[in-house]
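Q: Any chance you could fold what I've pasted below:
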Amino acid sequence: MMNACIVGFGAIGPVHAEVLSNLKSAKLYAVCDIDKSRADKAAQQYNAKAYYNFDECLNDKNIDVIHICTPHYLHYEMSCKALEHGKKVVVEKPAVMTKDELEKIFSEYNVENIYPVVQNRKNICIEELKRIASSDKSIGKPIGVKGILTWSRGASYYNAADWRGKKATEGGGVLINQAVHTLDLMMYFMGAAKEVSASMHNCSLQGIIEVEDTIDAYIKYESGATGIFYATNAYCKNSSVQLEFEFENRSFKYVEGMLISNGEVICSDSQEFKGKDYWGNGHAKALYDYYENKDRFSLADIKDTMNAMFAIYESAQNGKSVIV
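A: As a prediction, this is how the structure comes out:
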């Protein structure tokens, strides 16, 4: 039995708590939040300890795993401190906020003890496509990928939390917060990027945020494949992410929770684990697999994604292509 502590009980912390409360191999042992009333309420609901200071969690030897569900700018520092205290780490995206942080955490810590929540890899359709790509040699090598995300985030979303929409605390906009999961699936199948060209804009939220609400990129992969990526928070609604994976001899589309090839629906995402219909339902399954099935990604597994993300931002900022 592993004892888990959730740090940060805002938007995503309750999702972690609900999963942990239904596991056999783990227990929600503690909740930590600087908002005392929020921590107390969650602790009472789940019969857990309440902490109001992160250092108190680190010093509790009964805690095995720290779930970092705090704002972006705290992820790196909290992950490092947790590792230094012998804890394992489950961290929400982004695992780190800058390229420097990524390089430091790889050079100074055992990143196998960091589990990034890349929940869309756990969607049933993605797992099936990964199985096909790994076992069916007849489809040929991957040659291209397209990822499109069109969601809606307005002023009320950003005004609800003062860290959102600011470069220093969010790290960026639609790419680092919403569309990084779409980019991650592109990298998951195509491998490491070699070069990117990108641009970004604030189309709908001028005067509200200082980061991008829209970004696009052309990606050249080390394998020779190419990719196009587009993401925006300026659409009128949240619509399903669209992904297309091109192999030499077969194409696949992933949209509306279905994997489609040659006009045939191969499979649909499971409804066992609930999620929002426009981004999939893999979040709970990712946490379930971490504890119950010991099926765990590590920070090393998403290094290609993080490097591509930072390169896209660099290219978009300087207007030039960037070697990854």
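
Q: Counting neighbours, what do you get for the nearest residue to residue 173 once chain neighbours are set aside?
A: Setting aside the residues directly before and after it, residue 173 is nearest to residue 211 in space (CB to CB, 6 or more residues apart in numbering), at 3.5 Å. The way it works is simple: take the backbone N, C-alpha and C, and place the C-beta from them, glycine included. Taking other CB atoms under 10 Å as the criterion, the count of residues near residue 211 is 23.

Q: Make residue 1 into 362 and carry on from there
A: Fine by me, first position is 362 from now on; the one you just mentioned is residue 572.

Q: The residue lying closest to residue 589 once chain neighbours are set aside: what's it in contact with?
A: Using CB to CB, 6+ apart and skipping the chain neighbours, the partner closest in space to residue 589 is residue 507 (5.2 Å). By CB atoms under 8 Å, 6 or more residues apart in numbering, the residues touching residue 507 are 588, 589, 590, 603, 604, 605.

Q: Give me the nearest residue to residue 560, chain neighbours excluded.
A: Nearest to residue 560 is residue 677, by CB to CB, 6+ apart, at 5.4 Å.

Q: The one you found and residue 602: what is the separation?
A: Distance of residue 677 to residue 602, given as CB to CB, to the nearest Å: 20 Å.

Q: picking that back up, what's the neighbour count on the residue nearest to residue 560?
A: Neighbour count for residue 677, taken as other CB under 10 Å: 22.

Q: Quick check: it is in a strand.
A: No - looking at residue 677 with DSSP: H, G, I helix; E, B strand; the rest coil, it is helix, so not inside a strand.

Q: my read: it touches residue 557, true?
A: No - in this structure residue 677 lies outside contact range of residue 557 using CB atoms under 8 Å: 9.1 Å.

Q: Next, residue 667: secondary structure please.
A: helix.

Q: got the contact list for it?
A: By CB under 8 Å, 6+ apart, the neighbours of residue 667 are 455, 456, 457, 463.

Q: ok, the residue of the chain positioned farthest from its centre - contacts?
A: Most distant from the centre of the chain: residue 499, at 31.1 Å, with distances by CA atoms, centre = their mean. Going by CB under 8 Å, 6+ apart, residue 499 touches 610, 611.

Q: Now do the same for it: its pLDDT.
A: On the pLDDT scale, residue 499 is placed at 97.

Q: just residue 635 next, same as before
A: Predicted confidence (pLDDT) for residue 635: 56.

Q: nearest residue to residue 469 other than its sequence neighbours?
A: residue 441 (7.6 Å).

Q: part of a helix, is that neighbour?
A: Yes - using three-state DSSP, the secondary structure at residue 441 is a helix.

Q: Just list the residues touching it, thanks.
A: The contact partners of residue 441, taken as CB under 8 Å, 6+ apart, are 466, 469, 470.

Q: Among those, the buried ones, what's the ChimeraX command?
A: Buried subset of those, written as a ChimeraX selection, criterion 16 or more other CB atoms under 10 Å:
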select :466,470
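
Q: JSON lines for the contacts of residue 441, including distance to residue 482 and pLDDT?
A: As requested, these are exported to JSON lines (distance: CB to CB, whole Å; pLDDT from 0 to 100):
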{"residue": "466", "distance to residue 482": "20", "pLDDT": "98"}
{"residue": "469", "distance to residue 482": "26", "pLDDT": "97"}
{"residue": "470", "distance to residue 482": "22", "pLDDT": "97"}
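
Q: wait, which of the contacts of residue 441 is closest to residue 551?
A: residue 466 (24.0 Å; CB to CB).

Q: Now tell me what touches the host helix or strand of that closest one from outside.
A: Using DSSP states H and E, residue 466 sits within helix 460-469. Residues outside helix 460-469 that contact it (CB under 8 Å, 6+ apart): 437, 440-441, 456-457, 472, 475, 660-661, 664, 667-668, 671.

Q: Return the distance of it from the chain's centre.
A: The chain centre lies 18 Å from the centre of helix 460-469; the measure is CA atoms, centre = their mean, to the nearest Å.

Q: Name the residues of it that come out as buried.
A: By neighbour count on 16+ other CB under 10 Å, the buried set for helix 460-469 is 462, 463, 466.

Q: quick revisit: measure the residue nearest to residue 560 to residue 622 for me?
A: Using CB to CB, we find residue 677 at a distance of 33 Å from residue 622.

Q: could I get the contacts of residue 441 as CSV with distance to residue 433?
A: Below are the contacts of residue 441 laid out as CSV (distance: CB to CB, whole Å):
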residue, distance to residue 433
466, 15
469, 20
470, 19
